[in-house]
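Colleague: Provided below for reference: sequence and predicted model.
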Amino acid sequence: MSTEIIISLFTFLEQDTIPWNNNTAERAIRHLAIQRKISGSFSESGATSYLVLLGIMQTCRFQDKSLLKFFMSGEKDIDKFKRTK
């Protein structure tokens, strides 16, 4: 491993905004694992649609925005949608 890679692995020590654990990513994919367990498998088209909706849902959740109000607004960009929770 190069020195640059090793240093980048410990960036979280210098910057308070970077979490030291992977909990956010694990929470984001937890819904996918549960859905896969319930249904037994995913078809490619079903998985793609589910992942798009899951991504939108999780982004709204992490940005503290209402998913329902986002869908009802007709906005295509979550970042442009104002927080209305």
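Modeller: Arrived safely.
Colleague: What mean pLDDT does stretch 40-55 get?
Modeller: Computed over stretch 40-55, the mean pLDDT rounds to 78.
Colleague: wait, I meant stretch 13-28
Modeller: Here the average pLDDT along stretch 13-28 is 73.
Colleague: start to end distance for it?
Modeller: 23 Å (C-alpha to C-alpha, to the nearest Å).
Colleague: buried sites along that stretch?
Modeller: Ala28 (16 or more other C-beta atoms under 10 Å). For glycine as for every other residue, the C-beta is placed from the backbone atoms N, C-alpha and C.
Colleague: Over to stretch 70-85?
Modeller: Buried, per 16+ other C-beta under 10 Å, within stretch 70-85: Phe70, Phe81.
Colleague: how much distance is there from that stretch to the middle of the chain?
Modeller: 16 Å (C-alpha atoms, centre = their mean, to the nearest Å).
Colleague: Quick check: pLDDT value at Met1.
Modeller: So, for Met1, pLDDT stands at 56.
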